[in-house]
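In: no sequence for this one, just the structure:
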């Protein structure tokens with residue numbers, strides 16, 4: 001043990017829990033090694049200080065809890081108001097631009113197509129679809145011809161362009 005330093009032995013466990021043989025090997029080693037003697041003395045002093053200070057209890061001053069809780073409440077109220085202000089500043093522009101976009105899309109979707117294609121849509125749908133919904137659902141149209149002629153295909157594909165060109 002004289003060649004090895006005992007610092008790892010001192011740091012591994014408290015001095016009170018070391019066995020008598022370990023303490024004897026520490027004492028014999030510290031007679032020869034100055035560095036280990038300093039570490040052993042520091043360990044003994046720290047153990048004595050800890051034993052002396054453990055029974056002491058500290059009481060907070062009167063109204064300590066009240067002052068701490070009041071300071072916390074004050075910080076929370078100031079923080080909440082400040083937080084919402086920051087959020088609105090950051091998101092206010094984005095929210096207003098989103099509202100404007102939705103309003104513009106609603107106008108484009110609902111108002112403009114209804115005013116432009118009032119009667120044209122009825123003419124186009126009747127020329128593209130020779131059958132009414134009742135005839136197809138209730139099979140009241142009589143015998144339906146399953147063969148589609150080339151004229152019907154061309155009219156269905158290019159009829160809308162002819163109507164628009166007129």
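Out: Now that the structure is in, tell me what you want to look at. In this text the structure is predicted, and so the values were computed from the model without any measurement. Numbering: from 1, shown residues only.

In: now the longest helix seen in the chain: mean pLDDT?
Out: What stands out as the longest helix in the chain, according to DSSP state H, is helix 64-106. Mean pLDDT, helix 64-106: 83.

In: the helices in the chain, which residues?
Out: Secondary structure of the chain (DSSP H): helices at 7-12, 20-32, 34-53, 64-106, 112-116, 120-128, 133-138, 150-165.

In: Columns mean neighbour count on top of those helices, output as a markdown table?
Out: The C-beta positions use only the backbone N, C-alpha and C, and glycine is treated the same way. Converted to a markdown table, the helices of the chain look like this (neighbours: other C-beta atoms under 10 Å):
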| stretch | mean neighbour count |
| --- | --- |
| helix 7-12 | 14 |
| helix 20-32 | 14 |
| helix 34-53 | 12 |
| helix 64-106 | 10 |
| helix 112-116 | 10 |
| helix 120-128 | 12 |
| helix 133-138 | 10 |
| helix 150-165 | 11 |
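
In: State the distance from residue 29 to residue 39.
Out: 11 Å (C-beta to C-beta, to the nearest Å).
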